[in-house]
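Peer 1: based on what follows, work out the 3D shape:
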Amino acid sequence: MTKAISPRSRKVRILATLGPASSTREMIATLFEAGADAFRINMSHGDQASKVAVVKAIRSLEAEYRRPTTILADLQGPKLRVGKFDGGRTVLVTGSSFVLDRSTAPGDATRVELPHDEIFQAIEPGARLLLDDGKLVLRVTAHTADTITTLVEVGGALSDKKGLNVPDVVVPVPALTPKDRSDLDWAVDQGVDWIALSFVQRPEDLWEARKLIGGKAALLAKIEKPAAIERLEEIVEACDGVMVARGDLGVEMPPEQVPPLQKRIVEVSRRMGRPVVVATQMLESMILSPSPTRAEVSDVATAIYDGADAIMLSAESAAGAWPTESVAMMNAIGNAVERDPGHGDRVHFTVMKPDPTTADALSEAAKNIASTVSAAAIICFTTSGSTARRVARERPSVPLLVLTPELETARRLGLLWGTHAVHTKDVSSFEEMVAKAKRMALRHGIARAGDSIIVMAGVPFRTPGSTNVLHVVRVTGDELKNYD
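Peer 2: Numbers count the residues shown, from 1 in each chain. Got it, this is the predicted structure:
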């Protein structure tokens with residue numbers, strides 16, 4: 001029995017992380033019905049074998065709900081950690097000296113092993129070392145090929161294998177660890193739609209992943225290092241999508257700098273036509289509580305007003321006590337914000353200047369025509385998804401129904417603002433295109449008899465990047481009659 005879900009009434013997408021609280025097929029279906037548009041599989045936790053069933057469960061929703069599903073595999077990335085301590089822990093005293101070295105002997109309050117050659121190569125006097133998610137702060141005072149001497153600026157308890165962040169220098173760590181390469185191969189074999197690369201510092205970091213993916217998935221760059229901000233536009237240009245990963249970004253930078261950086265990353269991504277996801281701690285209190293704080297609701301709303309394509313739940317949906325309620329709350333916030341009469345003006349505060357191409361000119365025109373003639377929707381025929389991305393970049397006031405003969409394209413569009421993607425047979429003529437656009441608009445409930453719709457496509461058909469047709473047509477309501 002199918003349970004076709006109508007297009008979401010909101011345009012911002014919801015990306016829900018799956019985990020111990022939400023990995024069964026029944027729970028994934030519940031999250032989907034509650035408003036999740038895409039699902040994130042965090043490769044940092046669990047093994048590949050346990051995730052095969054999760055992928056199958058997500059894909060099984062397609063037949064039941066007659067809607068493409070979207071899967072993002074998030075690679076762990078390089079993890080920098082200190083070594084072990086005698087007794088498992090120690091306490092660093094503020095103002096004292098602390099050394100990181102190559103010795104494998106258990107550490108104490110004066111020293112510990114640092115098993116990362118690349119840090120010894122890159123470190124400079126004056127650089128900060130942040131331990132345990134930034135709870136402890138060290139300042140480098142001197143270094144040799146085998147030792148890094150620091151002053152403890154913020155002390156505290158420190159235990160075995162705690163994480164280390166180096167925000168002030170570009171550490172020449174490989175973008176893909178051996179674990180990442182294995183996980184990437186697995187994700188491609190499983191047919192996931194997006195692969196997220198962690199700790200991107202420069203556009204070159206994306207090249208190897210792009211080559212290994214081989215066009216079988218879209219590549220998303222997670223912006224969580226200060227070095228990435230310095231080359232932001234180059235990184236955005238080199239990827240298919242962007243994530244504002246505020247967790248590590250907030251560790252390596254002063255927290256007050258994260259909100260303006262979030263706005264900048266969203267603005268650059270939108271301007272360059274890349275879907276952008278805002279992530280981390282959006283409804284953090286709902287890990288334990290059935291309702292969020294008012295500050296968290298405002299945080300989610302701000303991302304929506306900024307025009308982010310998607311907002312993400314992490315532990316809230318993966319390991320929290322209220323996963324369904326977390327998704328439902330995000331869905332409710334999205335609907336409430338987008339009903340605000342001022343939402344449209346705020347979303348268009350970022351000026352989108354079209355590139356000097358026919359496709360961009362028509363996409364901008366479609367947005368303006370939709371507003372002028374009060375069209376019910378924009379119907380977009382696409383093979384690669386490029387037309388849909390161009391139209392969504394304009395943030396039109398009406399729904400975007402995307403019709404594509406490529407299932408992979410339909411699945412990848414699950415992170416794109418305002419898009420309802422449908423996998424359907426291709427058309428071969430202009431007349432067939434118009435008839436199908438009207439029929440699908442009626443069938444999916446985004447237009448009624450008497451409504452005007454805008455149809456966009458490229459002729460000749462099935463030629464990626466050839467968008468050159470914009471047609472306004474009125475729906476009569478008879479299009480579904482006598483049609484099987």
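Peer 1: list the buried ones in stretch 232-242?
Peer 2: Neighbour counts over stretch 232-242 (16 or more other CB atoms under 10 Å) mark Leu232, Ile235, Val236, Ala238, Cys239, Asp240, Gly241, Val242 as buried. All C-beta spots, glycine's among them, are computed from the backbone N, C-alpha and C.
Peer 1: element containing Leu72?
Peer 2: Using DSSP states H and E, the element containing Leu72 is strand 71-74.
Peer 1: repeat that for Gly250.
Peer 2: Gly250 belongs to helix 246-252, assigned by DSSP H and E.
Peer 1: still on that earlier bit, which pair of the buried residues of stretch 232-242 spans the longest distance?
Peer 2: Greatest spatial distance among the buried residues of stretch 232-242 (CB to CB): Leu232 and Asp240, at 15.6 Å.
Peer 1: which residues touch the most centrally placed residue in the chain?
Peer 2: Central residue of the chain (CA atoms, centre = their mean): Val277, 3.8 Å from the mean position. Counting by CB atoms under 8 Å, 6 or more residues apart in numbering, Val277 makes contact with Leu15, Leu220, Gly241, Val242, Met243, Val244, Ala308, Asp309, Ala310, Ile311, Met312, Leu415.
Peer 1: any idea how far the first one is from Ala175?
Peer 2: Pointing back at Leu15 there. Distance check for Leu15 against Ala175: by CB to CB, to the nearest Å, it reads 22 Å.
Peer 1: on that earlier part again, let's see which of the buried residues of stretch 232-242 end up in helices.
Peer 2: Leu232, Ile235, Val236, Ala238 (DSSP state H).
Peer 1: where in this protein is pLDDT low?
Peer 2: 1-5, 462, 464-465, 481-484 (pLDDT under 70).
Peer 1: and it, what are its domain boundaries?
Peer 2: Following automatic domain parsing, the chain resolves into domains at 13-77+175-346, 86-165, 358-474.
Peer 1: tell me the SS of Phe120?
Peer 2: The three-state assignment at Phe120 reads helix, by DSSP: H, G, I helix; E, B strand; the rest coil.
Peer 1: these two touch, right, Ile379 and Pro399?
Peer 2: No. Here Ile379 does not reach Pro399: they are 9.4 Å apart, not a contact under CB atoms under 8 Å.
Peer 1: looking at the two, which is more packed in?
Peer 2: Applying other CB atoms under 10 Å to Ile379 and Pro399 shows that Ile379 carries more neighbours, namely 30 against 24.
Peer 1: may I have the phi/psi pair for that one?
Peer 2: phi -110, psi 120 (degrees, to the nearest 10).
Peer 1: would you check how far apart the closest residue in space to it that isn't next to it in sequence and Asp451 are?
Peer 2: Once flanking residues are discounted, Ile379 sits nearest to Ala437: 4.1 Å by CB to CB, 6 or more residues apart in numbering. Counting by CB to CB, the gap from Ala437 to Asp451 is 12 Å.
Peer 1: list the buried ones in stretch 469-484?
Peer 2: Buried residues in stretch 469-484 (16+ other CB under 10 Å): Val469, Leu470, Val473, Val475, Glu479.
Peer 1: got a list of what the third one touches?
Peer 2: Same thing as Val473. Contacts for Val473 (CB under 8 Å, 6+ apart) come out as Val434, Ala437, Lys438, Ser452, Ile453, Val455.
Peer 1: can you say which helix or strand has it in it?
Peer 2: Val473 belongs to strand 467-474 when assigned by DSSP H and E.
Peer 1: what lines up beside that strand in the sheet?
Peer 2: Paired strands of strand 467-474, with direction, are strand 452-458 (antiparallel) (DSSP bridges).
Peer 1: to the chain's geometric centre, what's the distance from the strand it pairs with?
Peer 2: In terms of CA atoms, centre = their mean, to the nearest Å, the centre of strand 452-458 is found 28 Å from the chain centre.
Peer 1: swap in stretch 328-336?
Peer 2: On CA atoms, centre = their mean, the centre of stretch 328-336 falls 18 Å from that of its chain.
Peer 1: then stretch 433-453?
Peer 2: 30 Å.
Peer 1: buried ones in that stretch?
Peer 2: The neighbour-count check on stretch 433-453 (16+ other CB under 10 Å) flags 433-434, 436-438, 440-442, 444, 446-447, 451-453 as buried.
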